[in-house]
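**Student:** give the three-dimensional model of this entry:
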Amino acid sequence: METQRLISHFVDEGAARPLKHPLYQALLWMTGLLLYLMVFMFFDGFRPNLMEKLQDLGFIIELLVLCLLGGSASFAAFCLSRPDSFQMSWVKYLPISLVFVWILTAFIGARDEIAIRNLLHSITLGQFDCPWHILFFSSVPGIVMFILIRMGASIRYYWAGFMATLSVTSLAYLFMRLVEDNDNPAHLIIWHALPIFLMCLVGMYAGRYALKWRLPIQPQS
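**Tutor:** You can find the predicted model right below:
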């Protein structure tokens, strides 16, 4: 019944200005987000051993995967902003698959470093500045992303909210890898990856309220 009302509402509204292609939106978004990232790095500064890290192929691959993850998540979010998901409802699985690729590239060979005792020790260190940095970096672009998605008419608002949040937080993670001189896998899991996962869950449920297409209230007859 709700879907039928939505279709009727669009018919009654008449022609509207079409949205840009999701790929165009995603490319424009990623360009702006990377510029935003550069501004933040200008104030925070790069990690002191960055040039040395850039000679590490594993580190380069990790950064590339994070860029692809952010780009694919933004593309998925813009596709999901359409009622028909741009005929690509499967697109949400692309960023999810890249999350697993990132896990392999970031933590391959780190079995001993991510043992339970090391994870528990990392928790006791209380390094809350890392998730705060990620949240601070993600807040403004996250709000902008939600506004852009809201311009569509998403009916998959949970997934749209999750993808929008994943897009900005994955770039926030990339930002932290470039400025923070800490490669400890246990630290990266506890104070980077887990907070980002929680933020994505919050973004998913925020999508329910911020992105859900609501029809005008019909006057009582």
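
**Student:** helices or strands up against the helix or strand hosting residue 194?
**Tutor:** If you go by DSSP states H and E, residue 194 is part of helix 194-210. Applying 3 or more C-beta pairs under 8 Å, 6 or more residues apart in numbering; DSSP states H and E, one finds that helix 194-210 contacts helix 129-150, helix 157-179. No exception for glycine: its C-beta is placed from N, CA and C like everyone else's.

**Student:** buried stuff in that helix?
**Tutor:** For helix 194-210, the neighbour count (16 or more other C-beta atoms under 10 Å) marks 195, 196, 199, 200, 203, 204, 206, 207, 210 as buried.

**Student:** could you single out the nearest of the residues you listed to residue 101?
**Tutor:** Closest approach to residue 101 among the buried residues of helix 194-210 (C-beta to C-beta): residue 196, at 15.6 Å.

**Student:** identify the residues contacting that closest one.
**Tutor:** 134, 166, 169, 170, 172, 173 (C-beta atoms under 8 Å, 6 or more residues apart in numbering).

**Student:** which one of the buried residues of helix 194-210 is nearest residue 92?
**Tutor:** Within the buried residues of helix 194-210, proximity to residue 92 (C-beta to C-beta) peaks at residue 204, which comes in at 11.3 Å.

**Student:** my guess is that closest one contacts residue 158. True?
**Tutor:** Yes: between residue 204 and residue 158 a contact is recorded at 5.1 Å, counting by C-beta atoms under 8 Å.

**Student:** most widely separated two among the contacts of residue 196?
**Tutor:** Maximum pairwise distance among the contacts of residue 196 (C-beta to C-beta): 12.3 Å, between 134 and 166.

**Student:** neighbour count for these two, which is higher?
**Tutor:** Neighbours per residue, other C-beta atoms under 10 Å: of residue 134 and residue 166, the larger number sits with residue 166, 28 against 22.

**Student:** quick one: secondary structure of residue 154?
**Tutor:** Under the three-state scheme (DSSP: H, G, I helix; E, B strand; the rest coil), residue 154 adopts coil.
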